[in-house]
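Visitor: Below are the sequence and a predicted model; questions follow.
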Amino acid sequence: QVQLQESGPGLVKPSQTLSLTCTVSGDSITTNYYYWTWIRQPPGKGLEWMGAINYSGITYYSPWLKSRTSISRDTSKNQFTLQLSSVTPEDTAVYYCATGRTGLGQSDTWGQGTQVTVSS
């Protein structure tokens, strides 16, 4: 069974780059058909799909965040990462990594989430 764990700083200053890592256990991130996804939930708001990287390394981004978002992977560590540049307090949220094999945007396994606050 696949398990995911987010890690990264809980506090980021405005204008800096937010970097989070998702460590995967239970299967390889290169196994066919997986989409490895980042999703966030700002306080009092709904879930927002940010982007994904698939099993072959192809990336997909939300058009609203594409200019500030980069998703990459380290297959030797079985990890994938999120970088969000030029953050503002509006980027404060719980950030989740998630995965599934039925298609882009169809995640059935989630990490526990990590709170990131953007504040000076």
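Guide: Cool, the structure landed.

Visitor: pLDDT below threshold where in the chain?
Guide: The chain contains no residues with pLDDT under 70.

Visitor: Strands of that one, residue ranges please.
Guide: Along the chain, the segments classed as strands by DSSP state E run 3-7, 11-12, 18-25, 35-41, 48-54, 59-61, 69-74, 79-84, 93-100, 109-110, 114-118.

Visitor: Between strand 93-100 and the third one, find me the angle.
Guide: Think strand 18-25. Between the axis of strand 18-25 and that of strand 93-100 there is an angle of 30 degrees, by axes from the mean of the first three to the mean of the last three Cα atoms, to 10 degrees.

Visitor: Could you pull out the buried residues of strand 18-25?
Guide: By 16 or more other Cβ atoms under 10 Å, the buried positions in strand 18-25 come out as L18, S19, L20, T21, C22, T23, V24. Where you see a C-beta, it was placed from the backbone N, CA and C, and this is true even at glycine.

Visitor: Adding distance to Q1 as columns, could you present those in JSON lines?
Guide: What follows is the buried residues of strand 18-25, written out as JSON lines (distance: Cβ to Cβ, whole Å):
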{"residue": "L18", "distance to Q1": "29"}
{"residue": "S19", "distance to Q1": "27"}
{"residue": "L20", "distance to Q1": "22"}
{"residue": "T21", "distance to Q1": "20"}
{"residue": "C22", "distance to Q1": "16"}
{"residue": "T23", "distance to Q1": "15"}
{"residue": "V24", "distance to Q1": "11"}
